[in-house]
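Novice: sequence unknown, structure follows:
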Ligand code: C2E
Ligand code: MG
Ligand code: MG
């Protein structure tokens with residue numbers, strides 16, 4: 001029984017254990033179910049939350065859509081407004097552009113007109129002279145070329161007249177360029193006034209004018225025109241309170257005799273003009289074949305002169321001036337020489353007039369003055385007895401505006417005392433425009449420079465000016481001294497000139513003394529000083545130093561040089 005009970009017990013136990021296991025399982029399942037239930041509830045909660053969110057989102061979406069629709073509509077309205085404004089704007093801009101186009105068109109037209117006017121003006125300028133508005137060299141060439149063509153086809157003649165004002169440089173130098181310019185304008189007007197419409201008056205530059213007569217029957221027609229021009233220019237020109245007198249020299253060349261082309265005709269007329277100048281100015285000359293050789297020669301000298309200063313080809317010779325009583329050297333005259341590279345030593349007569357004509361005398365004159373002052377200073381520094389040094393002064397130099405200034409500068413630079421410097425001026429230089437001469441002479445005298453009238457007796461001196469000017473010495477021209485022995489008249493003139501000088505309290509010097517007789521006569525007439533080959537030729541500076549040391553040797557007159 002027991003066993004049975006035990007078995008039963010055991011079985012009960014097992015069953016209890018199984019029940020317990022079942023119970024445990026059930027409880028686990030219950031637990032799981034409860035967990036699932038919990039999860040389900042959580043999911044439900046989430047779902048409900050999602051649903052809520054969805055609803056909110058849906059609502060928001062709806063709102064958004066509504067908003068977008070509104071925004072779209074607004075945008076459309078705005079766009080519509082903007083496009084209206086834009087089209088208004090465009091309209092305005094279009095109008096503005098239109099207006100600008102109209103303005104631009106007007107401006108372009110004005111501009112085109114201005115360009116045309118400027119072109120015309122440029123063309124005018126290219127063919128006319130600025131100062132006188134006459135045709136210039138370019139236009140003349142053109143017209144001359146055409147006139148030659150026509151004359152050649154018709155077998156006719158034409159004339160070219162080259163005109164150059166006489167001594168225009170003096171006016172320019174003494175009264176200034178403004179007065180000079182006004183005078184050129186006045187001359188241009190008168191020239192235009194005395195030619196035919198078909199003639200061309202042109203200005204070549206400077207004081208040179210060319211007249212083209214394209215139709216002439218005979219050469220005499222040109223001569224008549226030249227006479228008319230000379231007469232028309234004669235009355236004084238009223239320029240800035242000055243009454244200016246100016247004359248003109250004219251050279252004429254005729255086609256086809258004196259040249260078949262423009263250039264040759266112009267050159268021939270220029271050469272002829274030169275001859276008009278040489279034969280006393282204020283006249284006209286027809287070209288002649290022989291004139292060419294002289295023109296070539298002149299050109300040769302002129303171009304050589306242009307280089308001579310830089311190449312140091314000039315030199316000075318000095319001729320003593322003697323006190324006739326004591327026989328002592330009181331001064332020397334500086335005389336320029338040109339050591340020409342091909343022609344040897346040239347005298348002033350061969351180049352000074354050309355240098356005066358082309359204005360080169362100004363730099364050359366300054367060189368002479370400086371060189372002479374340096375030499376005088378050098379003799380003094382060498383301890384030789386102080387003497388005066390005389391320098392010849394051309395009209396152009398004397399009238400140059402800087403003449404006094406240059407003179408002072410040179411005296412200062414060379415440290416020569418002004419009282420040792422003598423300026424030799426001819427009567428024609430002194431008496432032309434006597435009023436302004438008087439002022440310059442007094443300025444020179446104030447400076448302490450001495451003044452001598454050169455070649456006295458060959459020009460025209462106003463005695464009243466001769467006494468008024470601060471002149472120290474009259475130099476009687478050598479032509480009187482030369483003829484004195486053979487012509488009683490000349491001897492009387494010399495006597496008169498000596499006494500004139502004495503009365504005016506001026507020293508008198510006789511130039512070109514060659515003989516003992518001349519010397520004796522002058523000494524007897526109480527002439528103060530003498531200069532000439534009888535005492536000494538013009539010599540180099542070294543020789544003067546020797547003469548100053550040793551004196552003039554006796555009997556030089558018998559063997560000059
Ligand atoms: P001028 O001023 O009357 O000078 C005197 C001229 O007479 C010099 O000629 C001189 O050599 C010459 N002579 C001197 N004694 C006698 C003589 O006994 N018999 C002869 N027959 N002649 C004599 P030169 O040197 O040929 O000068 C000629 C002219 O050239 C000068 O005449 C002067 O007017 C000019 N001249 C000379 N040098 C210069 C210069 O530096 N500047 C300028 N502007 N002109 C100058
Ligand atoms: Mg002289
Ligand atoms: Mg002289």
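Specialist: Nice, thanks for sending it over. Note that the structure is a prediction, hence the values are computed from the model and not measured. Ligands and ions are numbered 1, 2, ... in the order given.
Novice: all helices of the stretch 351-500 of the chain, in order?
Specialist: Using DSSP state H, counting those that start in this stretch, the helices of the stretch 351-500 of the chain run over 352-357, 361-381, 395-399, 403-414, 427-431, 434-447, 463-468, 478-484, 488-503.
Novice: Could you identify which of those helices is most buried?
Specialist: Of all these, helix 395-399 carries the top mean neighbour count, a mean of 22, counting by mean count of other C-beta atoms under 10 Å. C-beta coordinates here come from the backbone N, C-alpha and C atoms, glycine included.
Novice: and that one, what does it pack onto?
Specialist: Contacts defined by 3 or more C-beta pairs under 8 Å, 6 or more residues apart in numbering; DSSP states H and E place helix 395-399 against helix 168-175, helix 361-381, helix 427-431.
Novice: anything in it near ligand 1?
Specialist: No - contact of helix 395-399 with ligand 1 (C-beta under 6 Å from any ligand atom) is absent, the minimum separation being 6.9 Å.
Novice: Residues touching that helix, excluding its own?
Specialist: 169-170, 173-174, 356, 359, 361-362, 365, 403, 425-426, 428-429, 432, 437, 440 (C-beta atoms under 8 Å, 6 or more residues apart in numbering).
Novice: OK, contacts around residue 249?
Specialist: Residue 249 neighbours (C-beta under 8 Å, 6+ apart): 163-164, 166, 273, 276-277, 281-284.
Novice: Among those residues, find me the one that's closest to residue 477.
Specialist: residue 281 (22.1 Å; C-beta to C-beta).
Novice: Next, count neighbours for that closest one.
Specialist: 14 (other C-beta atoms under 10 Å).
Novice: That one reaches residue 164, doesn't it?
Specialist: No - contact criterion C-beta atoms under 8 Å: residue 281 and residue 164 do not qualify, at 9.2 Å.
Novice: Show me the contact partners of stretch 66-76.
Specialist: Counting by C-beta under 8 Å, 6+ apart, no residue sits against stretch 66-76.
Novice: where's it relative to the chain centroid, distance-wise?
Specialist: Distance of stretch 66-76 from its chain centroid, counting by C-alpha atoms, centre = their mean, to the nearest Å, is 83 Å.
Novice: I'd like the helices of the stretch 351-500 of the chain as a markdown table, with distance to ligand 3 and mean pLDDT appended.
Specialist: Output for the helices of the stretch 351-500 of the chain, formatted as a markdown table (distance: least, C-beta to the ion, whole Å; pLDDT from 0 to 100):
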| stretch | distance to ligand 3 | mean pLDDT |
| --- | --- | --- |
| helix 352-357 | 12 | 93 |
| helix 361-381 | 15 | 98 |
| helix 395-399 | 15 | 92 |
| helix 403-414 | 20 | 97 |
| helix 427-431 | 11 | 90 |
| helix 434-447 | 18 | 93 |
| helix 463-468 | 17 | 90 |
| helix 478-484 | 7 | 97 |
| helix 488-503 | 13 | 96 |
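Novice: Looking at the ones you listed, spot the one closest to ligand 2.
Specialist: helix 478-484 (10.1 Å; C-beta to the ion).
Novice: Show me what the closest one is packed up against.
Specialist: Helix 478-484 is packed against helix 488-503, helix 516-524, with contacts defined by 3+ C-beta pairs under 8 Å, 6+ apart.
Novice: gap between it and the chain center?
Specialist: Computed by C-alpha atoms, centre = their mean, the chain-centroid distance of helix 478-484 equals 47 Å.
Novice: got a list of contacts for that helix?
Specialist: Residues from elsewhere that reach helix 478-484 (C-beta under 8 Å, 6+ apart): 457-458, 490-491, 493-494, 497, 510-514, 518, 521-522, 532.
Novice: That one and ligand 2 in contact?
Specialist: No - Helix 478-484 lies apart from ligand 2 when judged by C-beta under 5 Å from the ion; the minimum separation is 10.1 Å.
Novice: can you list the domains in this protein?
Specialist: 28-124, 137-288, 298-553 (automatic domain parsing).
Novice: Straight-line length of the second one, end to end?
Specialist: Translated: domain 137-288. 24 Å (C-alpha to C-alpha, to the nearest Å).
Novice: Under a three-state scheme, what state does the closest residue to ligand 3 within the stretch 1-150 of the chain occupy?
Specialist: Here the stretch 1-150 of the chain gets closest to ligand 3 at one residue, residue 131, 39.1 Å apart by C-beta to the ion. Following DSSP: H, G, I helix; E, B strand; the rest coil, we place residue 131 in the coil state.
Novice: Quick check: buried residues in stretch 178-191?
Specialist: Using 16 or more other C-beta atoms under 10 Å as the test for burial, stretch 178-191 gives 179-180, 182-184, 186-188, 190-191.
Novice: on that earlier part again, could you take the helices and strands packed on helix 478-484 and lay them out as a markdown table, with extra columns for distance to residue 62?
Specialist: A markdown table is the format used below for the helices and strands packed on helix 478-484 (distance: least, C-beta to C-beta, whole Å):
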| stretch | distance to residue 62 |
| --- | --- |
| helix 488-503 | 139 |
| helix 516-524 | 146 |
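Novice: Out of these, which is closest to residue 148?
Specialist: helix 488-503 (55.5 Å).
Novice: Show me what that closest one is packed up against.
Specialist: Contact here means 3+ C-beta pairs under 8 Å, 6+ apart; on that basis helix 488-503 packs against strand 473-476, helix 478-484, strand 507-510, helix 516-524.
Novice: Nearest to ligand 3 among the buried residues of stretch 178-191?
Specialist: Nearest to ligand 3 among the buried residues of stretch 178-191 is residue 180, at 30.6 Å by C-beta to the ion.
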